[in-house]
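> Below are the sequence and a predicted model; questions follow.
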Amino acid sequence: MKIECSNCEMYRSEHCDDCLVTAVLHPPAGTVEIDDELEASLGALQHAGLIPILRFRPRTTPEEPFDATDLEAI
């Protein structure tokens, strides 16, 4: 999994402070990659309450507003 903090919905919010990436890497300047082998270990540490969970949520692009002129093409 590749994570770019600036592409996260939680970036620079109160949730960002309690995210695995921020807690462990103080947030990184670039992309972070968490491989499959590491994911199981991180999950065990999170379940035990030793590290925060990954709060990464990809930023969604807002839908374009409805434009009545689009109906003219129909």
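The structure has been received and is ready for your questions.
> contacts and neighbour counts: CA atoms only from here.
Fine.
> which residues does residue 1 contact?
Contacts for residue 1 (CA atoms under 8 Å, 6 or more residues apart in numbering) come out as 33, 34, 35, 36.
> and with 7 Å instead?
If you count contacts by CA atoms under 7 Å, 6 or more residues apart in numbering, residue 1 has them with 33, 34, 35.
> buried set for stretch 7-22?
If you call a residue buried by 16 or more other CA atoms under 10 Å, then stretch 7-22 has these buried ones: 8, 9, 10, 11, 16, 17, 18, 19, 20, 21, 22.
> Strands along the chain, start to end?
Under the criterion DSSP state E, the chain contains strands at 2-4, 31-33.
> May I have the strands that pair with the last one, each with its orientation?
Put plainly, it is strand 31-33. In the sheet, strand 31-33 lines up against strand 2-4 (antiparallel) (DSSP bridges).
> Check the strands of the chain for me and report the most buried one.
strand 2-4 (a mean of 14; mean count of other CA atoms under 10 Å).
> pLDDT of it, averaged?
Across strand 2-4, the average pLDDT comes to 87.
> Determine how far that strand lies from the middle of the whole chain.
Chain-centre distance of strand 2-4: 7 Å, with CA atoms, centre = their mean, to the nearest Å.
> cool, stretch 45-60 as well?
With CA atoms, centre = their mean, you get 9 Å for stretch 45-60.
> What residues sit buried inside that stretch?
In stretch 45-60, counting by 16+ other CA under 10 Å, buried: 51, 52, 53, 54, 55, 56.
> Any chance of CSV for those, columns distance to residue 2?
Shown next, in CSV, are the buried residues of stretch 45-60 (distance: CA to CA, whole Å):
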residue, distance to residue 2
51, 19
52, 18
53, 16
54, 12
55, 13
56, 10
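> now, which of the residues you listed sits nearest residue 29?
Ranked by distance to residue 29 (CA to CA), those are led by residue 56 at 15.1 Å.
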